[in-house]
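**Student:** what's the 3D shape of this:
(one chain, ligands or ions: 2)
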Amino acid sequence: MGQRGSNKPDVERYLKGRKRETEHRANVLAKRERQKKAVLGEEAPPADNTLTGTILTRAKSGLMVQADHDESHHWCRYPQKGRGAMPVPGDRVSFLPQTETTDGWVEEILERKNLLRRWSFGRIKEIASNMEQVLILATPEEPVVHPRLVDRMLVGASVGKMDALIVVNKIDLIGMDTALEWSKPWRMAGYDVLHISAETGEGLEVLHGRLRNRVSLLAGASGVGKSTVLNRLIEDLDLDTSAISEATGRGVHTTSFTRLFPVPGGGVVADSPGVREFHPVLDDPKELEKHFHEIGSRSGECAYTHCLHREDSDGCAVRAAVENGEIHPLRYESYQILYTSLLEGPLRGRGR
Ligand code: GDP
Ligand code: ZN
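**Tutor:** Ligands and ions are numbered 1, 2, ... in the order given. Presented below is the predicted three-dimensional model:
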């Protein structure tokens, strides 16, 4: 037997090879054409193919980016090596679009206006960026939300340079009197508070007005009614089969990741996962009073510059305001507990 057989198989192999090559080239060209169509959409993106957009959500499988030019959605990866933090929902990014065959690629996080962060099991967790306000949804009953959780979230929003709006839900269940009594500490401190029922729709119009044309983050413990509020505000939104997971088939788990949704009439609302605890990230405990408006605004009047506003602090203007009823005792208590927990250093997912 000859080492390489007769000539015939060689010719066949050559012809087969040519055929494969031609097919391959045709495939590549067709694919490129398809990709071009998919990418172009209605309006042509910039010639270099880099687009700008907003991170809508972050899942284990990637980042969902909404392109500015046509609002198309793209699953993207972010090659993180040596690049510091991951993008978070609300981030403005430059990216290469998704194609039929490949995920897109986030190239760069554009400058952040602000960032909401918290401690989570000994690590700093970045929740969302570029939010204008944090909507803290809470309820005194079913489930019982500890007022201090609201205070901690208020501090987190303030540290992140975001406005805060407190929304007490389930007034149909608890009654307006209970709701008003419960929200008194924050109303006294001058915070914006709404009382609503996602069930009956009471107050939802006012809430809608506060969300319109703004970028808001919806935060609150599980069970307070975040999904119900979103479903009521955003028609046709069925959170369990949200547009994002439907469009991509990747099934973003409804409660694990922050997601951004459009508000009817303009605006964006980000729905963040329910948290039982919220530990704001604040390096210097002395800074804390700045984030309790009614305390920070009075500390200049204390007899001592470094007054700790304790019960036995001499000439303390804050204590005086607590005693004469200008500062709610629950807010004062929250301040002291948070101050102590900040002194103890980064919390490891524990603490009061
Ligand atoms: P989430 O975990 O914050 O998303 O809370 P859900 O929206 O899933 O609501 C938790 C439960 O509270 C559900 O059974 C809702 O039907 C109920 N719920 C939500 N809003 C209201 C309300 O305004 N009144 C009453 N009575 N129940 C509500
Ligand atoms: Zn003082």
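**Student:** so which residue of the stretch 151-300 of the chain comes closest to ligand 2?
**Tutor:** residue 299 (5.7 Å; Cβ to the ion). (Each C-beta comes from the backbone N, C-alpha and C, glycine too.)
**Student:** Return the residues of the stretch 51-200 of the chain in contact with ligand 1.
**Tutor:** 169-170, 172-173, 197-199 (Cβ under 6 Å from any ligand atom).
**Student:** Would you check how far apart the residue of the stretch 151-300 of the chain closest to ligand 2 and residue 320 are?
**Tutor:** 12 Å (Cβ to Cβ, to the nearest Å).
**Student:** Equivalent analysis for residue 260, please.
**Tutor:** Residue 260 sits at a distance of 45 Å from residue 320 (criterion: Cβ to Cβ).
**Student:** So those two - more neighbours on which side?
**Tutor:** Each of residue 260 and residue 320 has its neighbours counted (other Cβ atoms under 10 Å); residue 260 has more, 22 against 15.
**Student:** What are the buried residues along the helix or strand containing residue 194?
**Tutor:** Secondary structure assignment for residue 194, by DSSP states H and E: strand 192-195. For strand 192-195, burial by neighbour count (16 or more other Cβ atoms under 10 Å) applies to 193-195.
**Student:** The residue nearest to residue 338 when sequence neighbours are not counted: what's it in contact with?
**Tutor:** Nearest residue to residue 338, sequence neighbours excluded (Cβ to Cβ, 6 or more residues apart in numbering): residue 288, at 6.1 Å. Counting by Cβ atoms under 8 Å, 6 or more residues apart in numbering, residue 288 touches 155, 282, 335, 338-339, 342.
**Student:** Spatially, which two of those are the most separated?
**Tutor:** Using Cβ to Cβ, the pair of the contacts of residue 288 lying farthest apart is 282 and 335, separated by 12.4 Å.
**Student:** Compare the two (neighbour count), which wins?
**Tutor:** Taking neighbours as other Cβ under 10 Å, residue 282 and residue 335 compare with residue 335 leading, 24 against 20.
**Student:** The host helix or strand of that one near ligand 2 at all?
**Tutor:** Assessed by DSSP H and E, residue 335 sits inside helix 329-343. No: using Cβ under 5 Å from the ion, helix 329-343 never reaches ligand 2; the gap is at least 10.7 Å.
**Student:** Check the gap between the closest residue to residue 140 other than its chain neighbours and ligand 1 for me.
**Tutor:** In space, residue 140 comes closest to residue 182 once its chain neighbours are excluded; the distance is 4.2 Å by Cβ to Cβ, 6+ apart. Separation of residue 182 from ligand 1 (Cβ to the nearest ligand atom, to the nearest Å): 14 Å.
**Student:** Next up, phi/psi of residue 182, please.
**Tutor:** phi -70, psi -40 (degrees, to the nearest 10).
**Student:** neighbours around it, how many?
**Tutor:** Residue 182: 21 neighbours (other Cβ under 10 Å).
**Student:** again with residue 324
**Tutor:** Residues contacting residue 324 under the criterion other Cβ under 10 Å number 8.
**Student:** ok, so what distance separates it from residue 153?
**Tutor:** Residue 324 is 28 Å from residue 153, by Cβ to Cβ.
**Student:** And the helix or strand where residue 157 lies, what does it pack against?
**Tutor:** For residue 157, the enclosing helix or strand under DSSP H and E is helix 147-159. Judged by 3 or more Cβ pairs under 8 Å, 6 or more residues apart in numbering; DSSP states H and E, helix 147-159 is in contact with strand 115-120, strand 133-138, strand 163-168, helix 176-188, strand 279-280, helix 329-343.
**Student:** What are the contacting residues of the second one?
**Tutor:** Looking back up the chat, that one is strand 133-138. Outside strand 133-138, the residues that touch it by Cβ under 8 Å, 6+ apart are 116, 145, 149-150, 153-154, 156-157, 160, 162-169, 210-211, 214-221, 224-226, 229, 269.
**Student:** Let me know the pLDDT of residue 146.
**Tutor:** If you check residue 146, the pLDDT there is 95.
**Student:** ok so, going back, make CSV from the buried residues of strand 192-195 and add pLDDT to it.
**Tutor:** As requested, these are arranged in CSV below (pLDDT from 0 to 100):
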residue, pLDDT
193, 98
194, 98
195, 98
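**Student:** How about the contacts made by residue 52?
**Tutor:** 67-68, 92-95, 110.
**Student:** Check residue 128 too.
**Tutor:** Residues counted as contacts of residue 128 (Cβ under 8 Å, 6+ apart) are 88-90, 115-116, 217, 258, 270, 272.
**Student:** remind me which residues of the stretch 101-250 of the chain are low pLDDT?
**Tutor:** In the predicted model, the stretch 101-250 of the chain carries pLDDT under 70 at residues 236-250.
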